[in-house]
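1. From the sequence below, what's the structure:
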Amino acid sequence: SIKELNDVRHSALMLLCRFHSDLPEIVHDYLFELIRYELNKQKLDYITLSNYLKYCAMIIGGAETKSQQNLIDLLCKNFIDKSRTIKSEIIRTFANAAWRNKNFIYQLNDEQLIHEFISYLTQTIRSSLSDHPKLKDEQRKWNKYLGQLQDCYEFLLALIRLRKVETFQDKLLLPDSSDTQRLAYLIRRSDALINKHNLTIRSRIQFDLKKPKSLHRMANLTYALNTYLTGDEGYKTISISGIIDEEDL
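-> From the prediction side, this is the model:
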């Protein structure tokens, strides 16, 4: 049946994408067409799109090929004029890709788009302070909430690398910027709210760091991000010891 054929096709694509960037460009092109089709459908299938974007994060690498760059361009284009749900999926894809390949983040060279990303991340973190699950809500809702913040924090931490890009007219996320300080404040408030519910944010990034005793309850990801945003001297004690390469984390 057509359904069974589609199941086989999707399973084969999922398996192929485990080979990351070591794939023929025809696979990248095929995934490009699948994602474009889903994004342009009148009635969006979020589960299917989410799976395709998960595969995209695996094979996009550092965008060494034209086909990989086409995938990035497709998602960047759709980030501008799509719903917040689609934007959230794209942020998750980019956060995943940015920590699979250190060169990925430097392929995002549209300065206006970078500002769009930072604006979305700031708005999402600010909204999370009031729009969060209630204490008695089931764990599934909290997992979704924490997962979205994890995506935002990991992508934001990757974007900080762009501070050093000299071709941008604006210097991004500088510690002495009022916008950066405000963003760090929102992140600290978010961490306090999560701690209040005896929860924590997980991360695919493994840190080697020494937190002050007063901040021992702060999640490692949150502590590292806050430290780099504020330019605190503590950043000198932070290093990345590894990346957990699990797409379901």
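2. going forward, measure contacts between C-alpha atoms and count neighbours the same way
-> Will do.
3. got any ranges where this protein has weak pLDDT?
-> 1-2, 135, 246-249 (pLDDT under 70).
4. what are the ranges of the helices in it?
-> Under the criterion DSSP state H, helices of the chain are mapped to 2-17, 25-40, 46-59, 66-81, 84-100, 111-128, 139-159, 178-196, 220-230.
5. Could you point out which of the ones you listed sits nearest Lys210?
-> For Lys210, the closest of these is helix 220-230, at 9.4 Å, according to CA to CA.
6. Using PDB, list the CA coordinates for stretch 177-196.
-> The C-alpha trace of stretch 177-196 is given here as PDB (Å, rounded to 0.1, in the frame of the first residue of the first chain):
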ATOM      1  CA  SER A 177      25.100  45.900  25.800                       C
ATOM      2  CA  SER A 178      21.900  46.700  27.700                       C
ATOM      3  CA  ASP A 179      20.000  44.200  25.600                       C
ATOM      4  CA  THR A 180      22.500  41.400  26.500                       C
ATOM      5  CA  GLN A 181      22.300  42.300  30.200                       C
ATOM      6  CA  ARG A 182      18.500  42.200  30.000                       C
ATOM      7  CA  LEU A 183      18.600  38.800  28.300                       C
ATOM      8  CA  ALA A 184      20.900  37.400  31.000                       C
ATOM      9  CA  TYR A 185      18.600  38.700  33.600                       C
ATOM     10  CA  LEU A 186      15.600  36.900  32.000                       C
ATOM     11  CA  ILE A 187      17.600  33.700  31.900                       C
ATOM     12  CA  ARG A 188      18.500  34.000  35.600                       C
ATOM     13  CA  ARG A 189      14.800  34.500  36.500                       C
ATOM     14  CA  SER A 190      13.800  31.600  34.300                       C
ATOM     15  CA  ASP A 191      16.300  29.400  36.100                       C
ATOM     16  CA  ALA A 192      15.000  30.500  39.500                       C
ATOM     17  CA  LEU A 193      11.400  29.600  38.400                       C
ATOM     18  CA  ILE A 194      12.500  26.100  37.200                       C
ATOM     19  CA  ASN A 195      14.400  25.500  40.500                       C
ATOM     20  CA  LYS A 196      11.300  26.500  42.400                       C
END
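7. what distance separates that stretch from the centre of its chain?
-> 18 Å (CA atoms, centre = their mean, to the nearest Å).
8. List the buried residues in it.
-> 179-181, 183-194 (16 or more other CA atoms under 10 Å).
9. What lies in contact with that stretch?
-> 122, 125-126, 128-129, 173-175, 200, 217-219, 222, 225-226, 229-230 (CA atoms under 8 Å, 6 or more residues apart in numbering).
10. Just the buried residues of those residues.
-> Looks like the contacts of stretch 177-196 have 122, 125-126, 128-129, 173-175, 200, 217-219, 222, 225-226, 229-230 buried, using 16+ other CA under 10 Å.
11. What about Gln112, how many residues nearby?
-> 10 (other CA atoms under 10 Å).
12. So it versus Leu183, what's the distance?
-> 19 Å (CA to CA, to the nearest Å).
13. does Gln68 really touch Met58, like I thought?
-> No. Using CA atoms under 8 Å as the test, Gln68 is too far from Met58 to be in contact (10.8 Å).
14. of these two, who's got more company?
-> Met58 (23 against 20).
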